[in-house]
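> structure for the following, please:
(one chain, ligands or ions: 1)
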Amino acid sequence: MDVADIPSMLVANEFEYYGERRVHLFRTYDMDLPNGFLNFRFHNCGRADNCFIWEVARATSAAPQYFKSIKIDEKNYDDGGFGWNNPAEIALDEVNMKEKYERSKRPGDSCASEFPLEVLISIGTGKTKTRAQRAQTRWPRLTAPNMVRKILWHVDNGMKFITDVERVDGRVEKALDEKSKQYFRWDGPEEVGRLKLDEWKPARRSRLSTKNFIEEEINRYLKQKDNEERLRRCAKALVELRRGRAEDEERWRRFTECTYYACTACSSVQSFSLPRELRAHICGQHQQGVSNIEEEIQKGETYPKVAGGPW
Ligand SMILES: [Zn+2]
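The predicted structure is shown next:
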């Protein structure tokens, strides 16, 4: 599987100036959910996004007051962090909704599960201030009315997102815990979270450059006992999953290449997740009509329109 085939999704904000901000998911795969499957988060369903990678990069990195927002197809976008600083919950919803939809299309799919995620990894960019600390923050005095309005609006949105990081973390942990699945989150060191968005200082006398400072703080953070221990547990969980899949080659193929198998001997289309299921079906239903079962399985091998992922 090519890296380009791995389904990817990036979160940005779609907005109108001083108007409502909505989450927008840029996807490399189709998400053509019918009405019955939609929930409030999925307002932009449909075909995979057709814009350039640099446009998506601009959209998701455009931080108000630092980097300009971008217009793609007549819509404005900026950083998803401003509203969705911990998009783990969106990823969770996205995978579950897609799986539910695929299951409804192919009810016999033995590889589909009610809750397809096994491990969810979320990486932050440094712990932010607590609510009490934020309350003491003084905002600069400004005179130009438009500027004030603009900044207040961003502050309002910013406040919402900072508290959301903590809440989202708790909700995602609970959701995965209930299904006995694992959630790993590293907030990152507070020292890095305190850096200003545009801070980029060169090294001077005893002071490290910002880049080296970040590296040093992150190394220190990862060496802390609980963070290191969580890294070990996470690596172990991933290796176990990988081994479990590799033990069953047919299933591994199904997950990496998304193949499924249609019965070419049936008058109506019948498809199966694994070659062994089609083999059993042919043996049971068409024993007389089929001379070479393996050839029939090869003929029935089908690839999805959009490659990659368990969908
Ligand atoms: Zn058949």
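
> dihedrals phi and psi, residue 202?
Main-chain torsions, residue 202, degrees, to the nearest 10: phi -80, psi 170.

> ok, it touching residue 212?
No: Residue 202 is not in contact with residue 212 according to CB atoms under 8 Å; the separation is 10.0 Å. Every residue, glycine included, has its C-beta placed from N, CA and C.

> so where is the stretch 151-300 of the chain shaky, pLDDT-wise?
Within the stretch 151-300 of the chain, the ranges that satisfy pLDDT under 70 run 151-165.

> what do you get if the cut-off is 90, keeping everything else the same?
151-171, 179-180, 187, 193-199, 241-246, 248-260, 262, 264-273, 285-293, 296 (pLDDT under 90).

> up against the ion, what does it have?
Residues of the stretch 151-300 of the chain lying near the ion by CB under 5 Å from the ion: 263, 265, 266, 285.

> in what helix or strand does the closest residue to the ion within the stretch 1-150 of the chain lie?
The minimum distance from the stretch 1-150 of the chain to the ion, using CB to the ion, falls at residue 108 (12.1 Å). If you go by DSSP states H and E, residue 108 is not part of any helix or strand.

> so who does it touch?
271, 272, 273 (CB atoms under 8 Å, 6 or more residues apart in numbering).

> please name the bridge partners of the second one.
Spelled out, it's residue 272. Residue 272 has the following beta-bridge partners by DSSP bridges: residue 261.

> in the stretch 1-150 of the chain, which spans are strands?
9-15, 21-27, 70-72, 75-79, 119-123 (DSSP state E, counting those that start in this stretch).

> could you dump those strands to JSON lines with distance to the ion?
Converted to JSON lines, these look like this (distance: least, CB to the ion, whole Å):
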{"stretch": "strand 9-15", "distance to the ion": "36"}
{"stretch": "strand 21-27", "distance to the ion": "34"}
{"stretch": "strand 70-72", "distance to the ion": "46"}
{"stretch": "strand 75-79", "distance to the ion": "47"}
{"stretch": "strand 119-123", "distance to the ion": "36"}
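
> redo the ones you listed as TSV? Include mean neighbour count and mean pLDDT.
Formatted as TSV, these follow (neighbours: other CB atoms under 10 Å; pLDDT from 0 to 100):
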stretch	mean neighbour count	mean pLDDT
strand 9-15	21	83
strand 21-27	20	83
strand 70-72	17	92
strand 75-79	21	85
strand 119-123	16	91
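
> the closest residue in space to residue 173 that isn't next to it in sequence sits in which helix or strand?
Of all residues not flanking residue 173 in the chain, residue 183 sits nearest, at 5.1 Å (CB to CB, 6 or more residues apart in numbering). Residue 183 belongs to strand 182-186 when assigned by DSSP H and E.

> mind checking how far that strand is from the chain centre?
14 Å (CA atoms, centre = their mean, to the nearest Å).

> partner strands of that strand, parallel or antiparallel?
Short version: by DSSP bridges, strand 182-186 pairs with strand 119-123 (parallel).

> and the contacts of the partner strand?
With CB under 8 Å, 6+ apart, strand 119-123 has contacts from 86, 88, 91-92, 169, 172, 176, 181-186, 188, 234, 237-238, 241.

> of those, keep whichever come out buried.
Among those, those that count as buried by neighbour count (16 or more other CB atoms under 10 Å) are 86, 88, 91-92, 169, 172, 176, 181-186, 188, 234, 237.

> among the residues you listed, which two are most distant?
181 and 188 (22.9 Å; CB to CB).

> quick one on the thing from earlier: using CSV, write down the CA coordinates of the strand holding residue 183.
Provided in CSV are the C-alpha atoms of strand 182-186 (Å, rounded to 0.1, in the frame of the first residue of the first chain):
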residue,chain,number,x,y,z
GLN,A,182,-7.1,2.1,24.2
TYR,A,183,-6.6,5.8,24.0
PHE,A,184,-3.1,7.4,24.3
ARG,A,185,-2.8,11.1,24.6
TRP,A,186,0.4,13.2,25.1
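
> where does residue 291 sit: helix, strand or coil?
Per DSSP: H, G, I helix; E, B strand; the rest coil, the local secondary structure of residue 291 is coil.

> alright, I will stop here.
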